[in-house]
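*Asks:* Test case, fold it:
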Amino acid sequence: MTIVEMLGQSVILTLLGMGIVFSFLFILVLSITAMGKVVGSFGADSSVQQFNAAAGVTGTEVNETAAAISAAVTEYRKNN
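*Replies:* Numbers count the residues shown, from 1 in each chain. Purely as a prediction, here's the structure:
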């Protein structure tokens, strides 16, 4: 087997591997999108809002928590 034949086989194997990975990732994206639509059709978002309401968490508290986390991360990045 010559070097040219081995290089040709390595190119084919590389392209085949990249194609398989791309196909898997494409199928993964499609399945996650489909599952998101299915879960959304069951009203999962409303159940999360009901849970937050039962726990006494308001949207304002969630926003304040996110702002506090963001400020802490910004301060950390300034100091490090």
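*Asks:* Break down this structure into its helices, ranges please.
*Replies:* Taking DSSP state H, the helices of the chain run over residues 3-41, 44-55, 59-79.
*Asks:* With mean neighbour count added, can I get those in TSV?
*Replies:* For the C-beta atoms, the positions are set from N, CA and C on the backbone; glycine is no exception. TSV is the format used below for those (neighbours: other CB atoms under 10 Å):
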stretch	mean neighbour count
helix 3-41	10
helix 44-55	10
helix 59-79	10
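*Asks:* Using JSON lines, please lay out these together with mean pLDDT.
*Replies:* Shown next, in JSON lines, are these (pLDDT from 0 to 100):
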{"stretch": "helix 3-41", "mean pLDDT": "95"}
{"stretch": "helix 44-55", "mean pLDDT": "67"}
{"stretch": "helix 59-79", "mean pLDDT": "83"}
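*Asks:* What residue spans form the domains of the protein?
*Replies:* 1-42, 43-80 (automatic domain parsing).
*Asks:* Distance from the first one to the middle of the chain?
*Replies:* Relative to the centre of its chain, domain 1-42 is centred 17 Å away, using CA atoms, centre = their mean, to the nearest Å.
*Asks:* so how far is residue 20 from residue 14?
*Replies:* According to CB to CB, to the nearest Å, residue 14 stands 11 Å off from residue 20.
*Asks:* just residue 33 next, same as before
*Replies:* Applying CB to CB to residue 33 and residue 20 gives a distance of 21 Å.
*Asks:* same thing with residue 35?
*Replies:* From residue 35 across to residue 20, the span is 22 Å (CB to CB).
*Asks:* With residue 31 instead?
*Replies:* 16 Å.
*Asks:* again, but for residue 3
*Replies:* Taking CB to CB, one finds residue 3 at 26 Å from residue 20.
*Asks:* and what of residue 8?
*Replies:* For residue 8, the distance to residue 20 equals 19 Å [CB to CB].
*Asks:* before we move on, what about residue 38?
*Replies:* In terms of CB to CB, residue 38 sits 27 Å off from residue 20.
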